[in-house]
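A.B. asks: What shape does this take:
(chains A and B)
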Amino acid sequence: MSLVQGAHSQTSQPAGARAALLAWPEFNKPAVWLVAVILLIMPFIANGFFLIEIFATTLILGTIALSLMFLAGYGGMVSLMQLTVAGFAAYMVAVFGMSANTNISLGWPWWLATPMALVLATIFGTLGGALAVRTEGIYTIMITLAIGAAFYYFTNQNWAIFNGHTGINTIATPRFWGVNWRSDIPFYYVTLGVAAFCYFAVQYVSRAPFGLALQGVRDNPRRMAALGFNVNAHRVAAYAFASFIAALGGVLQVWNYRQISPGSVSVGACIDILIIAVVGGITRPVGPFIGAFIFVILRTFALDLLVKFGLDGNRFRLLIGLGFLAIVFWSSDGVIGLWERWRRYAAAVDKRTSGGHGHG
Amino acid sequence: MDSAAPRFSAVGAGAALELRGVTRLFGALAALTDVTITVRPGERRAVLGSNGAGKTTLFNCVTGDFPPSSGTIRFFGEDITHFPPYERIRRGLRRTYQISALFPGLTVRDNVYLACRGVSRGRFSPLRPGANDALMHAAEALIQAVHLTPLREQRVAELAHGQQRQLEIALALAGAPRFILFDEPAAGLSPTERRELIAILTSLPAHIGYIIIEHDMDVALRVVESVTMMHNGRVFKEGLPHEIEADPEVQELYLGAGHA
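C.D. replies: Predicted coordinates for the structure are as follows:
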């Protein structure tokens, strides 16, 4: 038996058991198709308010939280600066593109300003990541939070580029092929397309060498080094990938609101992204979108509900906070974790009842 | 790797691993003091010694997990003293860990696939492996070699202790190893698993040398041709297995201490 030569010479065997790895095992589930169809026909079901305020907003926040899920779930790195990267991209769209603040905005067309914003935000996030990967655990959280806080205060105080606390308003959105892409239905499809692209990119990469190695780094960085991997380089690359996703979310967000101000990149907003990702679950890419949906629903309707009960509507954060507490307390992997446990439980009960039936 | 054979014969003249005056301090404590060891390519050696003799620290210095405080380490003639661990691994050095250091969240196959990927190109590849991915085949072959094929889809966290130890060895055999450091590979194995381990070690291609730390003399002395005895961070004695076994000083130090 020669272990090592064997490992190198066999290359022509049929790959039966590996078939699952090849393409897209995710497409085998009917639930995936059902959700995809519902999302695609949503404009025919929902009115403009639901389409934008609920679903497009969910998809945008979900995309930003997805970038955190990628870092935290696969890389074991909890980054609180993902919203900051998104906000940076949003500011860059405003600065390079067109807005009411003509003294600041350079007036580039959207197809030039958007890639510029994406590239700069990715570089920004990668540099932040390069600082953060030198630390582990709580120190990563602290460094990324510090970057987020620093960016917030910087935008507040810098008037030359970020226009201080008033921010930049009436930012131009794309119009081409005779379509105003910010009108409700086209914009919904744009966000859906971008969110789907990011979702599948994360899902796909998680089974590719880059994503697998990242999970190896999460489980045991020392062993990864002892297998020939440059652990820090891998972590920085993960930040680059996540930053690009966050930047896409940021561009969508600035197109959605058509304005950007320091309030959008506040520390509170950074923590909202963490809450969204954790409530949804950071073990799978779908988690952040579920978390974002819950967050948006609560933010939109809890206000009316609380007022109805004679409470201050601004307390909707109390509900989110309590929900967050409950999730962290009962299910460390979020709503997905609850769902999976419930399925396992149901399957076990099913087996037990059918087994009992056999005896009787 | 057709070019592997001539490369090995070309370096055959020098040492595979050469430690010269290696010292490792942890604060005031000297875990290793002035250790000088030379191992030929293809040589198989046991490192013996009681707990705290510095055996695992020696491994950590060689792989770069902790760099030595002073001294030089050469690997096939190249000074690797200041290389990061991954550069040493890419040059053909491998190790296993005393306490299994695996990726519990991943499947057996993904663990071995990562080991194969770590010593080849495309570590950052964002593309999933295709139907005829050579490294995936290599991983399957390694899994087969350590008898884990039926469990390849299982998450490593669910494996039994002995299976995890076998996986440890598979990870160290990935790619084209030139020299392997085995840190107590038989720890916690059943007698049957020990026999399998011995079979794996003795069937390694002749050009692959290794150092094995092993308390079980039956395993250690059956799979090596030379022995280094360590004591208190120093090399205490070197010799052939039967010489070391018969040495009264060694018996007093090692077996005596072991029985106490």
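
A.B. asks: Can you show me the CA trace of the strand or helix carrying A:Phe200 as CSV?
C.D. replies: Assessed by DSSP states H and E, A:Phe200 sits inside helix A:184-205. Extracted C-alpha coordinates of helix A:184-205, given in CSV (Å, rounded to 0.1, in the frame of the first residue of the first chain):
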residue,chain,number,x,y,z
ASP,A,184,-41.3,50.8,-6.8
ILE,A,185,-41.5,47.7,-9.0
PRO,A,186,-38.2,48.1,-10.9
PHE,A,187,-36.4,48.9,-7.6
TYR,A,188,-37.9,45.9,-5.9
TYR,A,189,-36.5,43.6,-8.7
VAL,A,190,-33.1,45.4,-8.4
THR,A,191,-32.9,44.7,-4.7
LEU,A,192,-34.2,41.1,-5.2
GLY,A,193,-31.6,40.5,-7.9
VAL,A,194,-28.7,41.9,-5.8
ALA,A,195,-29.8,40.0,-2.7
ALA,A,196,-30.3,36.8,-4.6
PHE,A,197,-26.8,37.2,-6.2
CYS,A,198,-25.2,37.8,-2.8
TYR,A,199,-27.1,34.9,-1.2
PHE,A,200,-26.1,32.5,-3.8
ALA,A,201,-22.5,33.8,-3.9
VAL,A,202,-22.2,33.1,-0.2
GLN,A,203,-23.9,29.8,-0.4
TYR,A,204,-21.7,28.8,-3.3
VAL,A,205,-18.4,30.0,-1.8
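
A.B. asks: B:Asp65 and B:Ala176, how far apart?
C.D. replies: Plainly put, B:Asp65 is 22 Å away from B:Ala176 if you go by Cβ to Cβ, to the nearest Å. (C-beta placed from N, C-alpha, C; glycine too.)

A.B. asks: thinking again about what came up before, which parts of the helix holding A:Phe200 are buried?
C.D. replies: A:184, A:186-192, A:194-195, A:198-199, A:201-205 (16 or more other Cβ atoms under 10 Å in any protein chain shown).

A.B. asks: again with stretch B:115-133
C.D. replies: So, applying 16+ other Cβ under 10 Å, buried residues of stretch B:115-133: B:Ala115, B:Cys116, B:Arg117, B:Gly118, B:Val119, B:Ser120, B:Arg123, B:Phe124, B:Ser125, B:Arg128, B:Pro129, B:Asp133.

A.B. asks: which of those residues sit farthest apart?
C.D. replies: The distance between the two most remote of those (Cβ to Cβ) is 19.7 Å, for B:Val119 and B:Arg128.

A.B. asks: Point out where the stretch 251-360 of chain A drops to low pLDDT.
C.D. replies: The model of the stretch 251-360 of chain A has pLDDT under 70 over residues A:313, A:354-360.

A.B. asks: What segments of the stretch 1-150 of chain B are helices?
C.D. replies: Residue ranges of the helices in the stretch 1-150 of chain B, as given by DSSP state H, counting those that start in this stretch, are B:4-11, B:55-63, B:85-90, B:108-118, B:134-145.

A.B. asks: Quick check: which of those helices is buried the most?
C.D. replies: Comparing these by mean neighbour count (mean count of other Cβ atoms under 10 Å in any protein chain shown), helix B:108-118 ranks first with a mean of 28.

A.B. asks: How about the stretch 1-150 of chain B: which residue is closest to chain A?
C.D. replies: B:Gly118 (3.4 Å; Cβ to the nearest Cβ).

A.B. asks: now the buried residues of stretch B:115-133 as TSV including distance to A:Leu212 and pLDDT?
C.D. replies: Shown next, in TSV, are those (distance: Cβ to Cβ, whole Å; pLDDT from 0 to 100):
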residue	distance to A:Leu212	pLDDT
B:Ala115	11	91
B:Cys116	11	91
B:Arg117	8	89
B:Gly118	11	86
B:Val119	15	87
B:Ser120	14	85
B:Arg123	10	85
B:Phe124	11	88
B:Ser125	10	83
B:Arg128	9	81
B:Pro129	9	83
B:Asp133	12	82
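
A.B. asks: Output those of the buried residues of helix A:184-205 also counted as contacts of chain B.
C.D. replies: Contacts with chain B within the buried residues of helix A:184-205, counted by Cβ under 8 Å from any Cβ of the partner chain: A:Tyr204, A:Val205.

A.B. asks: Check the chain and tell me which residue is nearest its centre.
C.D. replies: Defaulting to chain A. A:Leu66 (2.0 Å; Cα atoms, centre = their mean).

A.B. asks: actually it's chain B I care about, not the one you picked
C.D. replies: So for chain B, Cα atoms, centre = their mean, it's B:Leu181, sitting 1.8 Å from the centre.

A.B. asks: and that one, that's in a helix?
C.D. replies: No: read with DSSP: H, G, I helix; E, B strand; the rest coil, B:Leu181 is strand and lies in no helix.

A.B. asks: What is the neighbour count of the closest residue to it other than its chain neighbours?
C.D. replies: Excluding its sequence neighbours, the residue lying closest to B:Leu181 (Cβ to Cβ, 6 or more residues apart in numbering or on different chains) is B:Arg95, at 4.1 Å. Neighbour count of B:Arg95, defined by other Cβ atoms under 10 Å in any protein chain shown: 27.

A.B. asks: Read off the pLDDT value for B:Arg95.
C.D. replies: Listed pLDDT for B:Arg95 reads 92.

A.B. asks: Show the contacting residues for it.
C.D. replies: A:Ala226, B:Phe59, B:Val62, B:Thr63, B:Ala172, B:Ile180, B:Leu181, B:Phe182, B:Asp183 (Cβ atoms under 8 Å, 6 or more residues apart in numbering or on different chains).

A.B. asks: Could you rerun that using 6 Å?
C.D. replies: A:Ala226, B:Thr63, B:Leu181 (Cβ atoms under 6 Å, 6 or more residues apart in numbering or on different chains).

A.B. asks: need the contact list for the second one.
C.D. replies: Looking back up the chat, that one is B:Thr63. Counting by Cβ under 6 Å, 6+ apart, B:Thr63 has contacts A:Ala226, B:Pro85, B:Arg95.

A.B. asks: Check the spacing between the closest residue in space to it that isn't next to it in sequence and A:Ala225 real quick.
C.D. replies: Excluding the flanking residues, the one nearest B:Thr63 by Cβ to Cβ, 6+ apart is B:Arg95, at 5.0 Å. Using Cβ to Cβ, B:Arg95 is found at 11 Å from A:Ala225.

A.B. asks: Next one: the residue in the stretch 151-260 of chain B that chain A sits nearest to from B:Ile180, what distance?
C.D. replies: As assessed by Cβ to the nearest Cβ, chain A sits closest to B:Ser203 within the stretch 151-260 of chain B, at 4.9 Å. Separation of B:Ser203 from B:Ile180 (Cβ to Cβ) stands at 13 Å.

A.B. asks: Which one of these two is surrounded by more residues?
C.D. replies: B:Ile180 (22 against 11).

A.B. asks: what is the more buried one paired to in the beta sheet?
C.D. replies: Beta bridges link B:Ile180 to B:Arg94, B:Tyr210, judged by DSSP bridges.
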